[in-house]
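Undergrad: Quick check, what structure comes out for this input:
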Amino acid sequence: MGFLRGIKGLIAFFTTIPVKADEDTLNEAATYMPLAPLFGALIGLIAGVFLGLARIFFPLLVAGILTLGFILLIEGVRHIDGLLDFGGGVTLGGAPEKIDVIRNTSIGAGGFILGFVTLAVMAIGISNLGASRFLQDLMAIEISAKLSMVSVSWFGKPVSQESSAQFIDRMRGKRRGLRFFASLMLSALLVVLIVGLAGIFVLLVGLLSSVIIAWLSKRHFGGITGDAFGAAHEIARMVSLVAVLAIST
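TA: You can find the predicted model right below:
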């Protein structure tokens, strides 16, 4: 029963699929956070099918933009919102109000630029994925993005007791190293099966970006915020896509 509630919670956390999720459900989801890369593989598969259909009817760039929009429709925009707030807070210089900025509903210049660049690179990158491997590539990219959230929750302590704090506390609790290692091995196994050994490079690039996000969050805000989760997810997805394009040329 706990496993089913955990999966239900992960669905609620990672997608916009309408499932009932209360506080207890999210607690269970935090327990099964290491399984997040499986959801990345599934979302990447669905997005790849959509991209394949879009390429039949639209030019490549339009198909890439539509596919990015489709991914955001599946996952919701909470991660993008986190990216925008995180970018605004990090670029605020040395002001003590940084933590207030990331909780503000307005979008700062730093957040806007970071969000625009990330989304633009994603849309253009998706449109340039190889015709014979775009489905596998999208699966690997989404796996890397979900692993980045696992790694961010493992690398830092929460700033406040928001919903993301449950995931951080659980990942940093008992068997901390084993939980992260299990998620890492699951991700590695999936990407190797899907795209081959080159997928390890994609994972490493995404992991490096998540370490940087965790470091920036701790430096600027004193710990990991919910917005750091969103920023890590979107940045890891972007750099993983760039890595896929780099090894495909």
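Undergrad: only C-alpha atoms for contact and neighbour calcs from this point on.
TA: Fine.
Undergrad: Tell me which stretches of the chain form strands.
TA: Along the chain, no segments are classed as strands by DSSP state E.
Undergrad: Run through it and note the low-pLDDT ranges.
TA: 1-6, 8-9, 18-30, 91-110, 156-177, 249 (pLDDT under 70).
Undergrad: can we see that at 50?
TA: 1, 94-96, 101 (pLDDT under 50).
Undergrad: quick one, domains of it?
TA: 1-31, 38-248 (automatic domain parsing).
Undergrad: Serialize those domains to a markdown table and add fields for mean neighbour count.
TA: Listed next are the domains of the chain as a markdown table, based on neighbours: other C-alpha atoms under 10 Å:
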| stretch | mean neighbour count |
| --- | --- |
| domain 1-31 | 18 |
| domain 38-248 | 20 |
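Undergrad: any chance you could map the helices in the protein?
TA: 2-14, 23-31, 36-57, 60-75, 78-90, 98-101, 109-127, 134-155, 163-171, 176-195, 198-221, 226-248 (DSSP state H).
Undergrad: got the contact list for the fourth one?
TA: Applying C-alpha atoms under 8 Å, 6 or more residues apart in numbering, the set of residues contacting helix 60-75 from outside is 14-17, 43, 47, 50-51, 54-55, 122-128.
Undergrad: can you rerun that using 6 Å?
TA: Counting by C-alpha atoms under 6 Å, 6 or more residues apart in numbering, helix 60-75 makes contact with 14-16, 51, 54-55, 123, 126-127, all of which sit outside it.
Undergrad: Looking at those, which two lie furthest apart in space?
TA: Greatest spacing in these, by C-alpha to C-alpha: Phe14 and Arg55 (26.1 Å).
Undergrad: Now do the nearest residue to Leu129 once chain neighbours are set aside against Ser151, distance only.
TA: Of all residues not flanking Leu129 in the chain, Leu245 sits nearest, at 6.8 Å (C-alpha to C-alpha, 6 or more residues apart in numbering). Going from Leu245 to Ser151 by C-alpha to C-alpha, to the nearest Å gives 23 Å.
Undergrad: Please apply the same query to Ile212.
TA: 11 Å.
Undergrad: before we move on, what about Gly48?
TA: 25 Å.
Undergrad: and if you look at Gly125?
TA: From Gly125 to Ser151 the distance is 24 Å (C-alpha to C-alpha).
Undergrad: again with Phe229
TA: 10 Å.
Undergrad: need the contact list for the closest residue to Arg78 other than its chain neighbours.
TA: Of all residues not flanking Arg78 in the chain, Gly230 sits nearest, at 6.9 Å (C-alpha to C-alpha, 6+ apart). For Gly230, the contact set (C-alpha under 6 Å, 6+ apart) comprises 79, 82-83.
Undergrad: Surely Gly88 touches Phe112?
TA: No. If you go by C-alpha atoms under 6 Å, Gly88 and Phe112 don't touch, sitting 7.6 Å apart.
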